[in-house]
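Colleague: have a look; sequence and predicted model below, questions after that.
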Amino acid sequence: MRVAHVTATFPPYWAGTGNVAYHNTRVLHERGHAVTVFTAGEEGGMSFPFEVVRLPTLLRLGNAPFTPALVGRLRGFDLIHLHYPYIFGAELAALASRLYRTPLVLTYHNRLEETHYLKGLLFQGYNLTVEPLVFRTARRLLAVRREHLSTLYPHLGSDPRLEELPNGVDAGLFTPGDRLEARRRYGVSDDAPLAIFVGALDQAHRFKNVDGLIRAFARVPLPGARLWIVGDGGLRPELEALARRLGLGQRVQFLGKHPPSALPPLYRAADVSVLPSTGVESFGLVLLESMACGTPVIAAALPGVRTLVEEGVDGHLAAVGDEADLARVLELRLRGRDQAEAMGRKGREKVLREYDWGVIAGRLEQTYASVLREAGARSATA
């Protein structure tokens, strides 16, 4: 199959949607398909075994680049796979789908939300007007978690186009291993209880609620406990100031941005990985990465996200936005370190069974084949 993947972000900008687009493309390429990624931004010195086309950008709204050349470049493919949300790119991909009668598959990652008043109004308008048109064009709506999409759009719950296709993890890269390697590198003692957060620290990812995590950590009555925050962005200075203001000193360490290849030792070093998001989050790829490394997780009990965690088996759920509850489960996990190995083993088993990218690729191929059969049948009867 000749497949075009359209995504607003892509490595070397390592964030959720671009990360998923990369791995979808990688495994499809490895299975012999001709896959081309269309995106914007700088190359950053990275090379790929498949074609990545970085289109010229006329203007940009946050992580949404306007690349009008996209429509013409999408001609000649068997199928277009759009990673949504993508203001500008979604409309252009839908237009190309209609112009060239090329089936469109849409992966719904999360909803556009914004705390800034004017930008928030713009996003609301987009969600009410443009989004439904893009959805109607798609032959398949792939939800990373059906519960998440059905909660936002109850009318889609019974839509025959809706399928669940979760995000995955590279279980060959994210593996259990030496838990002390990264601790020694960053000066954390072998016996110190350690929690970790991994994620972008920019305005677009404010919903990750890292400030709430820092405040919750300050309430944990374990003076020797440490918190690693792995990521970078414009919010980092205010988060560092918050940690200082709460008197956490060296107990909270900001380790900066790390590529995926450098993350496994950090996950292995931790007693628990935390995803404290308060909104938008539909999945939580970092939860799978942590589980694959044999490290238990704590996640906010958001629709979709909560279905990844089995309470008390491979992790814990905290009430959304409740810092006292987050502090409670943090203390529970950091005190109960003797249970971590068994919980980590259960998480690893689940990842191998359900979320390895090879498993996801097989399901994605089946979806593509089904869509193309339907398109062929329509053409034959037209």
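Modeller: Received the coordinates, thanks. Residues are numbered from 1 along each chain as shown.

Colleague: show me the strands in the stretch 101-250 of the chain, by range?
Modeller: For the stretch 101-250 of the chain, applying DSSP state E, counting those that start in this stretch gives strands covering 104-108, 140-143, 162-164, 194-198, 226-230.

Colleague: gap between Glu51 and Val37?
Modeller: Here the distance between Glu51 and Val37 works out to 7 Å (CB to CB, to the nearest Å). Where you see a C-beta, it was placed from the backbone N, CA and C, and this is true even at glycine.

Colleague: these two: which is more packed in?
Modeller: A direct count of neighbours by other CB atoms under 10 Å for Glu51 and Val37 places Val37 higher, at 24 against 13.

Colleague: please parse this structure into its domains.
Modeller: If you go by automatic domain parsing, the domain ranges for the chain are 2-168+356-381, 181-355.

Colleague: from start to finish, how long is stretch 286-302 in a straight line?
Modeller: The first residue of stretch 286-302 is 15 Å away from its last residue (CA to CA, to the nearest Å).

Colleague: swap that for stretch 34-54, please
Modeller: Taking CA to CA, stretch 34-54 runs 17 Å from one end to the other.

Colleague: just send the strands of the stretch 101-250 of the chain back as CSV, with mean pLDDT and mean neighbour count too.
Modeller: As requested, the strands of the stretch 101-250 of the chain are arranged in CSV below (pLDDT from 0 to 100; neighbours: other CB atoms under 10 Å):
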stretch, mean pLDDT, mean neighbour count
strand 104-108, 96, 25
strand 140-143, 96, 23
strand 162-164, 94, 17
strand 194-198, 98, 25
strand 226-230, 98, 24
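
Colleague: of all those strands, which lies closest to Cys293?
Modeller: Of all those, it is strand 194-198 that lies closest to Cys293, at 10.3 Å by CB to CB.

Colleague: can you dump the C-alpha atoms of that closest one in PDB for me?
Modeller: Coordinates of each C-alpha in strand 194-198 appear next as PDB, following Å, rounded to 0.1, in the frame of the first residue of the first chain:
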ATOM      1  CA  LEU A 194      12.000   8.100  43.600                       C
ATOM      2  CA  ALA A 195       9.100   9.200  41.400                       C
ATOM      3  CA  ILE A 196       9.400  10.400  37.700                       C
ATOM      4  CA  PHE A 197       7.400  12.500  35.300                       C
ATOM      5  CA  VAL A 198       8.100  12.500  31.600                       C
END
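
Colleague: by contact count, what packs against that strand?
Modeller: Contact here means 3 or more CB pairs under 8 Å, 6 or more residues apart in numbering; DSSP states H and E; on that basis strand 194-198 packs against helix 210-218, strand 226-230, helix 264-269, strand 272-275, helix 285-292, helix 323-335.

Colleague: just checking, next helix/strand downstream of the longest one?
Modeller: Same thing as helix 323-335. Later in the chain than helix 323-335, the nearest helix or strand by DSSP states H and E is helix 340-350.
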